[in-house]
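Undergrad: okay, predicted coordinates and the sequence, questions at the end:
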Amino acid sequence: MRPIDRAVNRYERLVDRLAETPNRHLFGIGDPSLECVRFYTFEQLSGNLDYGCAVELASDEVDEIERDLLNADQPYSLLLPLVAKLRSVSPRFNSLAKVVFLGSWGMGPGEIGWMIRSLNNRSCFEQYLEACSIEEEQVDAYNEACERDFKEAEQNAASGHH
């Protein structure tokens, strides 16, 4: 099995395990290219990702996954596999008014909101808007850029890059 495939499988199992405790927000946060993702929870939703307020989850397991990622022999992004996995577990979190998220540290309120809207149910998205005092139009401003990121990731996956 290729290192990237092994890493994705390990991430998927980790997300399943983290979803066994859905009474917290689950944020997958990585570099802008999503070549590596670590998992965090935050006490409350905010329009920015403040490392000082983040509590890291399963750091030892992610360290092991990162070793697989270091051996990846071609470009890849974890965007598509982790979005699919987080979407599959979001109903568990949403049922307790908690959200799942995937992104990078530098994202602002609109970008964060776009991914929260994409991964969670409408009431959890509205909870985010209210917590951050932003309007949905600020999220809509990212439609084109975020959809382009997804299309690029899909094209790379189709051409053999993860």
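TA: Structure's in. What do you need?
Undergrad: in this structure residue 135 contacts residue 129, no?
TA: Yes - contact criterion Cβ atoms under 8 Å: residue 135 and residue 129 qualify, at 7.1 Å. Using the backbone N, CA and C atoms, a C-beta is placed for each residue, glycine as well.
Undergrad: neighbour count winner among those two?
TA: Comparing residue 135 with residue 129 by other Cβ atoms under 10 Å, the one with more neighbours is residue 129, at 19 against 11.
Undergrad: spit out the contact partners of the more buried one.
TA: For residue 129, the set of contacting residues under the criterion of Cβ atoms under 8 Å, 6 or more residues apart in numbering consists of 113, 135, 136, 139.
Undergrad: cool, and residue 72?
TA: Residues counted as contacts of residue 72 (Cβ under 8 Å, 6+ apart) are 2, 3, 4, 7, 162.
Undergrad: what about the third one, helix or strand, and which?
TA: Under the criterion of DSSP states H and E, residue 4 resides in helix 3-18.
Undergrad: other residues contacting that helix?
TA: 1, 26, 28, 37, 39, 57-58, 61-62, 64-65, 68-74, 76, 78, 81-82, 85-86, 89, 162.
Undergrad: could you rerun that using 7 Å?
TA: If you take Cβ atoms under 7 Å, 6 or more residues apart in numbering as the criterion, helix 3-18 is touched by 26, 39, 57-58, 61, 65, 68-69, 71-72, 76, 78, 81-82, 85-86, 89, 162.
Undergrad: out of those residues, which end up buried?
TA: If you count burial by 16 or more other Cβ atoms under 10 Å, the buried members of the contacts of helix 3-18 come out as 26, 39, 57-58, 61, 65, 68-69, 72, 76, 78, 81-82, 85-86, 89, 162.
Undergrad: no further queries at this time; thank you.
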